[in-house]
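Participant: Quick one, what's the 3D model for this:
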Amino acid sequence: MGNDYVEDSSGYNHNGTITGNLSLSNNTPRYQSSTYFEDYTRYISCLLDNNWIPNAVTMSCWIKGTNRSARGGFHIPLNMHSTNFEISITSSSGLARMGYVIGGTRYVSDIGSNILDGNWHMLTSTFNGSTICRYIDGTLINSENRSGALTAVQTLGIGAFPGGTTYGNTQLYESDVRIYATALPANDILQLYHTSAKIDNKQNLHSFEFNEASQQKITKSG
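Facilitator: Below is the predicted model of the structure:
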């Protein structure tokens with residue numbers, strides 16, 4: 001019997017390895033199911049290609065949570081190794097935190113209002129080489145001018161931080177994780193929010209698309 005894994009449906013075959021027991025739920029904003037992360041010991045990790053350094057990037061995921069007590073102070077719905085790429089949630093206020101390490105400096109921002117309100121929300125951030133944009137539910141919340149090169153990442157963590165420090169989520173649902181090696185424009189992000197249609201990524205979807213389109217997305221590898 002092999003390890004549990006999550007299938008990457010992008011075509012790049014970056015399947016995610018499951019640590020702990022995860023379950024699928026019919027509580028979902030899109031498709032047929034979502035993944036339920038019960039505590040910080042249950043998460044998905046995915047090894048990317050040779051310390052991936054894109055010229056531009058889009059990170060996006062749907063989350064739903066109500067518990068505002070998280071280990072280490074943060075819920076981590078989507079994170080890259082060493083927080084070089086990050087979408088997380090502050091447990092004290094429930095604000096979305098998004099950002100990147102650019103030119104060796106970490107730029108993150110806490111935006112919006114409490115999103116741990118029991119409703120589904122889509123969190124999205126982009127970087128095009130000169131500007132970071134942060135969206136909640138398809139709407140641009142803030143942007144900042146930051147020029148420079150993105151810092152390499154190796155490991156994608158879904159539901160927990162994949163590095164040495166144990167941060168993680170409690171009682172969090174997640175669905176439709178996407179990473180594009182391009183900065184999607186605002187109209188594509190709005191389309192992603194309103195529909196489950198495939199976004200034309202011009203072959204730039206690099207590493208992971210986890211849309212949980214069927215119950216087979218969490219299965220056995222052997």
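Participant: Helix or strand with the lowest mean pLDDT in this structure?
Facilitator: Least confident helix or strand, the chain: strand 218-220 with a mean of 37, by mean pLDDT, DSSP states H and E.
Participant: so the most centrally placed residue in the chain is in which element?
Facilitator: Among the residues of the chain, the one closest to the centroid is Leu78, at 3.3 Å (C-alpha atoms, centre = their mean). Assessed by DSSP states H and E, Leu78 sits inside strand 74-80.
Participant: strand partners of that strand, parallel vs antiparallel please.
Facilitator: According to DSSP bridges, strand 74-80 has the following sheet partners: strand 85-90 (antiparallel), strand 153-158 (antiparallel).
Participant: Taking their axis directions, the helix or strand following the last one and strand 85-90 sit at what angle?
Facilitator: As assigned by DSSP H and E, the chain's next helix or strand after strand 153-158 is strand 172-180. Put simply, strand 172-180 runs at 160 degrees to strand 85-90, going by axes from the mean of the first three to the mean of the last three C-alpha atoms, to 10 degrees.
Participant: can you pull the buried residues of strand 172-180?
Facilitator: Neighbour counts using 16 or more other C-beta atoms under 10 Å place 172-180 of strand 172-180 among the buried residues. (C-beta placed from N, C-alpha, C; glycine too.)
Participant: same question, stretch 128-139
Facilitator: 132-138.
Participant: Taking those residues, tell me the two that lie furthest apart.
Facilitator: Farthest pair in those (C-beta to C-beta) is Ile132 and Asp137. Separation: 18.0 Å.
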